[in-house]
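Asks: mind folding the following:
(4 chains, ligands or ions: 4)
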There are 4 protein chains.
Amino acid sequence: MQHIAMLGGGFIGRFYAESLQGQRSRDKVVAIYARREETAQKFAADYGCSFQSTDMEAVIAHPDVTMVCIALPNNLHAPAVALCAKHKKNVICTKPLGRTAAEALQMMQQVEEAGIFGGYLEDLCYSPKFLKALETVKSGSLGRILWAKSRETHPGPHSDWFWDKEQAGGGCMLDLGCHCVEIARNFIGKDVRPVEVMCWADTQVKPIDAEDHAIALVKYENGAIGQFEVSWTFRGGMDLRDEVMGTEGTIWINNFLRTGFEMFTTGTAGDYVAEKAESNAGWLFPVGDEVNDLGYNHMFTDMFRAVEEGRDAAETFYDGYVVNAILDAAYQSAETKQWEPVQL
Amino acid sequence: MQHIAMLGGGFIGRFYAESLQGQRSRDKVVAIYARREETAQKFAADYGCSFQSTDMEAVIAHPDVTMVCIALPNNLHAPAVALCAKHKKNVICTKPLGRTAAEALQMMQQVEEAGIFGGYLEDLCYSPKFLKALETVKSGSLGRILWAKSRETHPGPHSDWFWDKEQAGGGCMLDLGCHCVEIARNFIGKDVRPVEVMCWADTQVKPIDAEDHAIALVKYENGAIGQFEVSWTFRGGMDLRDEVMGTEGTIWINNFLRTGFEMFTTGTAGDYVAEKAESNAGWLFPVGDEVNDLGYNHMFTDMFRAVEEGRDAAETFYDGYVVNAILDAAYQSAETKQWEPVQL
Amino acid sequence: MQHIAMLGGGFIGRFYAESLQGQRSRDKVVAIYARREETAQKFAADYGCSFQSTDMEAVIAHPDVTMVCIALPNNLHAPAVALCAKHKKNVICTKPLGRTAAEALQMMQQVEEAGIFGGYLEDLCYSPKFLKALETVKSGSLGRILWAKSRETHPGPHSDWFWDKEQAGGGCMLDLGCHCVEIARNFIGKDVRPVEVMCWADTQVKPIDAEDHAIALVKYENGAIGQFEVSWTFRGGMDLRDEVMGTEGTIWINNFLRTGFEMFTTGTAGDYVAEKAESNAGWLFPVGDEVNDLGYNHMFTDMFRAVEEGRDAAETFYDGYVVNAILDAAYQSAETKQWEPVQL
Amino acid sequence: MQHIAMLGGGFIGRFYAESLQGQRSRDKVVAIYARREETAQKFAADYGCSFQSTDMEAVIAHPDVTMVCIALPNNLHAPAVALCAKHKKNVICTKPLGRTAAEALQMMQQVEEAGIFGGYLEDLCYSPKFLKALETVKSGSLGRILWAKSRETHPGPHSDWFWDKEQAGGGCMLDLGCHCVEIARNFIGKDVRPVEVMCWADTQVKPIDAEDHAIALVKYENGAIGQFEVSWTFRGGMDLRDEVMGTEGTIWINNFLRTGFEMFTTGTAGDYVAEKAESNAGWLFPVGDEVNDLGYNHMFTDMFRAVEEGRDAAETFYDGYVVNAILDAAYQSAETKQWEPVQL
Ligand SMILES: NC(=O)c1ccc[n+]([C@@H]2O[C@H](COP(=O)([O-])OP(=O)(O)OC[C@H]3O[C@@H](n4cnc5c(N)ncnc54)[C@H](O)[C@@H]3O)[C@@H](O)[C@H]2O)c1
Ligand SMILES: NC(=O)c1ccc[n+]([C@@H]2O[C@H](COP(=O)([O-])OP(=O)(O)OC[C@H]3O[C@@H](n4cnc5c(N)ncnc54)[C@H](O)[C@@H]3O)[C@@H](O)[C@H]2O)c1
Ligand SMILES: NC(=O)c1ccc[n+]([C@@H]2O[C@H](COP(=O)([O-])OP(=O)(O)OC[C@H]3O[C@@H](n4cnc5c(N)ncnc54)[C@H](O)[C@@H]3O)[C@@H](O)[C@H]2O)c1
Ligand SMILES: NC(=O)c1ccc[n+]([C@@H]2O[C@H](COP(=O)([O-])OP(=O)(O)OC[C@H]3O[C@@H](n4cnc5c(N)ncnc54)[C@H](O)[C@@H]3O)[C@@H](O)[C@H]2O)c1
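Replies: Ligands and ions are numbered 1, 2, ... in the order given. Next up, the predicted model:
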């Protein structure tokens, strides 16, 4: 039974809370930190938190809290982890872990030194379809894995800080590519070293410094190829698809736009169809149960069981660090126009 | 926090237990009744029950038990409910509630008289896609509902008792039609009276007395039409689809065979692809998270919250009774070859 | 090489002409009859006809014409056939053949007596998917056929005469059901007698006398069940789907809304997405090659080869007559609320 | 009306003949060249050719022949074109035009100098879905095109010569990539210069020198990105998909495995499900009308109309040359691991 402090009451903080307290959960979000008083108050009211504050350290240090959940902009992940280490509070952090591998490495080391639990909230590596696919791949049904690709494209983020390179650390590649990299890495095998990366990235549409579209190949030491396609310029909703190809078979996963739920309406549908949906008339493709289908439930279950059983979660700070290292190489490759080595 | 006694350790009993104790649930299955000692023992070991017995009444009466969950063959639902009434234990019962409306009515009355909670475990009216669709329909996005149909077909049941009319009470129409009837009734509106039923049913393939294929139309007092198609002779897995058509739109739900998860394998896949899947090579269509996608999680959440909040669940014994009444009319129509009135 | 006279320059007349003269066809539409001069003129100009007239008999009798193609409102099929018989011109007639079986029977007899060729233009029994499916069924891959269903629903017809019972002969059941009946009959086997029909039909939405929604079951002498679902009240485009279920397999065909061509656009798409499409923004589902995918090409090829080889086409006036007889029984059943025998 | 000489009586030669003489075509294959006497004889018998020979020049020079269709292994395209030029016969050549851009350039120049018609048989740029998509793109419905990708993967070719680098000129990249490159180039615009290419290619599975898997990015001068994914190691049939993404919309095309035709069979289906299908039991995805759906009909119609109207076809020898130039750069990039310029 976990008593969770949520840091950040924005989009993902609320999504996490829905999952954490959804269904018949025994865990609870007991405290909330937000930058603005109203946000904290609203969050506390909505999810029944007993403690709220605009002082991050006070929330982390609060004696009722057994687990800190970081749901803040990317540049605040490291400072928040440092405070958790200081107060020896177990911590789980949203993606991407750091803005760079250097930042992620430091976070990982602080957690290790503090002897606290560090879980990396890579929800798409916990979606039910992904978990079943991974099990299938591990059972050998697809033979040797040759190619794993993942794609996330949507019309662009909802908050301003995503567009600021200092806070965000990058564009769509860091924001979305971190999911894709870890999905492919899981299918190819976490014990297989990523060797080098070739990447194209460009700013084709949005009025920003950072890239709004990127494609990359990640070569693994056993010859397998990881691939990602990410964009903030896609029109049509949120496209979230994975593919794995092996010598004996193939798996195709569609997490969002085509999941067996189709709807046509002439008028106005209910407010919220699904994350990043673009319209509420015509043919729409809602998602049945986003918090479950996107992996949040299985993710928190694994995180909390891991803590309680004294083991690592399936997705650790080390994994977050590897993802950052691969993305660092991708950013470099986009500039040098060459394959760049992954530095681990 | 519920302490549940499971009656029946077969297919659905185990499925329910997976859901009840899956993720981070605060509820627990504490006792198990099964006809055979080994079944009870294995179930108790697998799900950590502290009490097991081949004496149904002993399990129901056990002081730790706050809620009884009936997962027994159809002919045992009524006797089990009677025992719950006797011992004043809240009860939730799998589908179909009774073998006939008369039986269901009696069960409903016993529950009412005992003043206990009676929930009808119609999971497909709790699947995430269904819940979202129902919300959409209620919000008016589809306009006035004209037609709601539901289909469940698969290659036939796994246990012998299904083939015995005395135990099962009927063939595929009672077994599968009960889901379909309630799905359509929800979309059309539970406050709208079902008036009459026209049904065709036949035994086309299986060596049984009961029907292995049936199609029926249910006319509602407002002119809307409910429809179901059920069969135990379908080849290709389990086909579970719903459609709602209104004056302003339409919804199509596919719960099983096409949910955005596709796989090809030349060899042998993992053991269990999905309920009623027929093969483990070639193109396969696994389901990500059956206990969630089929509605078990949301169903138990609603049941237990209802008890705790002193309200009815979304699916009650009354609903189970209406379903039985509609199916009674369907069976009669299949014989008389006429539209038959629904007797409520 | 056929020299065709087209009777009717409306929706289907033009569609037929596109098919007849599409690709590298050796056949030609040489003459056009239309009620209004302008229509005839425009058609003649568009398709290069050398003769045009508002006098039907003049067109049929024209010496260059070797084949007459009837594309007129339903009430004019019989008079047009009578003229073809009089002038001994081979004739192909759009669906439905007659407004009733009595009318169709007379048309069939006139053709026989005149010794001319009579082809029934049931294009959906010539669509490439249908032809391949039928071949598969005949090869035995699906085992014994138990159930064949077909569905055609769309938001309603484009011309006024469809709403006039005298000209149209009925509502959506005659208009769309004729396709569905013949599709199911083909799958079950043309040599298997349709015995009786149970039908529900209603006017749920449109301000018309005729039915705008109907569902029926057709029982065949070997126990197989044909089924159709037709409606002029569907929102979302044109839904055209068939299913065949046998003891060893199943076939699902989607002819229109989901054919592997998906498109999202924020703005305005080209004028014509597909027959009966309802919008030009959001997610759209165009059809690649309507004249081919709806069977027109294969239909005319069979018709003309049949004439040239002195054999019957796959779809004859007799088939059109059987379809009318089944629909007559369906209309009767909708009134009597009983299974009604098919009178052949 | 064209009198065609077919060079090559193998897989594609027969496919072309089916298209050329399918439906009500006015054109005819009058002559056949094949290396082996029996092949020529069988082909001539099957398609009613009046002249057959194992002497290529005799066939090309035959006075009845107005058009030569090259359906030979890749290394024989150039010699065959040279003979057409010598005998001043119009020529249409299957893909890829040459094994290299140098070879293609020479072919193009010979055709120009001889003043004959040269058409490039890139059928996938004539498939009905592609044509409609291209029209949509050109109408502006997708806004400015940012990204166009195409994928062709299957389990590997059917004839030995494909595995011989001398005859084939390359592996799956030349064989399949030529389609993909031209598809993307059409969507981005043929007037937009392809600037440079980044490619990964490897031999992951097959016992061959040439690559059996390749992925590449093609950068165009306006910033748009073309992408292809090709493989001979895919298990599950033939996967043929295109995607176009623009600032205002997106198009997804599936040409083969998911086209609205789905089938399950326990037993053995008819012989031929579709090109490169891997099994004949379980879930299968047949294609309705391959010759039409893969573009052959529309391709030959355009080619012959072009000749008759004295204009270029939509796909010319110049286009074939550009495709070869892009693929040359891709092969170079796979070796140098850098972006390589497209030399035109
Ligand atoms: N796992 C996923 O699928 C997923 C999805 C979305 C976002 N995220 C991650 O979650 C994090 C937050 O993203 P979001 O979408 O919730 O953003 P958001 O803008 O919706 O919410 C961010 C929250 O942080 C607070 N905040 C912003 N700037 C702050 C500052 N300078 N100091 C203190 N607090 C500040 C905001 O008030 C807000 O409560 C990011 O790291 C993002 O990458 C993960
Ligand atoms: N909600 C759903 O989707 C769903 C799915 C499957 C079954 N069900 C329902 O669940 C019930 C059980 O079905 P199942 O599939 O689990 O069947 P099953 O045969 O797998 O299991 C039945 C259980 O009841 C026990 N049992 C059988 N006969 C008995 C007897 N005479 N006395 C005492 N115990 C006996 C068996 O030992 C077994 O443990 C049925 O009512 C069925 O309709 C519901
Ligand atoms: N096979 C198919 O898929 C299909 C599709 C649509 C229509 N149809 C059939 O085609 C026929 C025509 O339908 P349509 O959709 O082309 O209709 P339409 O209204 O578009 O065209 C009908 C044509 O007949 C002419 N016409 C109308 N009334 C007339 C009259 N009283 N006298 C002489 N000419 C008259 C009109 O001027 C017009 O040229 C109908 O029988 C319909 O069932 C078949
Ligand atoms: N457009 C498409 O979609 C498509 C599809 C398949 C093949 N192709 C192309 O068509 C061409 C032929 O491929 P295929 O699949 O038909 O191959 P195939 O092996 O099936 O047939 C090749 C034909 O050429 C003849 N041939 C082989 N070697 C020869 C030689 N040394 N001298 C003379 N004749 C010889 C063979 O006898 C055979 O008749 C290739 O260029 C290929 O790339 C195009």
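Asks: tell me the residues of the stretch 151-300 of chain A that contact chain C?
Replies: Contact residues, the stretch 151-300 of chain A versus chain C (C-beta under 8 Å from any C-beta of the partner chain): A:235-237, A:264-266, A:278-279, A:281-285. Backbone N, C-alpha and C define where each C-beta goes, glycine included.
Asks: which of the residues you listed fall in strands?
Replies: A:264-265, A:282-284 (DSSP state E).
Asks: out of those residues, who's nearest C:Gly171?
Replies: For those, the residue nearest C:Gly171 by C-beta to C-beta is A:Phe264; the value is 22.5 Å.
Asks: wait, isn't that closest one in contact with A:Pro286?
Replies: No: assessed by C-beta atoms under 8 Å, A:Phe264 is found out of contact with A:Pro286, at 11.7 Å.
Asks: those two: which is more packed in?
Replies: A direct count of neighbours by other C-beta atoms under 10 Å in any protein chain shown for A:Phe264 and A:Pro286 places A:Phe264 higher, at 28 against 23.
Asks: got the contact list for that one?
Replies: When contacts are counted by C-beta atoms under 8 Å, 6 or more residues apart in numbering or on different chains, A:Phe264 is found next to A:282-284, B:249-250, C:235-237, C:278.
Asks: hmm, try it at 7 Å
Replies: For A:Phe264, the contact set (C-beta atoms under 7 Å, 6 or more residues apart in numbering or on different chains) comprises A:282-283, B:249-250, C:235-236.
Asks: where do the strands of the stretch 1-150 of chain A begin and end?
Replies: A:3-7, A:28-33, A:51-53, A:67-70, A:90-94, A:118-121, A:145-153 (DSSP state E, counting those that start in this stretch).
Asks: contacts only, for the nearest residue to A:Val30 once chain neighbours are set aside.
Replies: Leaving aside its sequence neighbours, A:Val30 sits nearest to A:His3 (C-beta to C-beta, 6 or more residues apart in numbering or on different chains; 4.5 Å). For A:His3, the contact set (C-beta under 7 Å, 6+ apart) comprises A:28, A:30, A:64-67.
Asks: of these, buried ones?
Replies: Taking 16 or more other C-beta atoms under 10 Å in any protein chain shown as the criterion, what is buried in those is A:28, A:30, A:65-67.
Asks: nearest to ligand 3, of those residues?
Replies: Nearest to ligand 3 among the buried ones among the contacts of A:His3: A:Lys28, at 61.3 Å, using C-beta to the nearest ligand atom.
Asks: and the closest one, bridged to which residues?
Replies: Taking DSSP bridges as the rule, A:Lys28 bridges to A:His3.
Asks: show residues contacting stretch A:201-209.
Replies: In contact with stretch A:201-209 (C-beta under 7 Å, 6+ apart) are residues A:156, A:163, A:165, A:171, A:173, A:210-214, A:232-233, A:334, D:146, D:223, D:247.
Asks: so which of those residues are in helices?
Replies: Counting by DSSP state H, the contacts of stretch A:201-209 place A:165, A:173, A:334 in helices.
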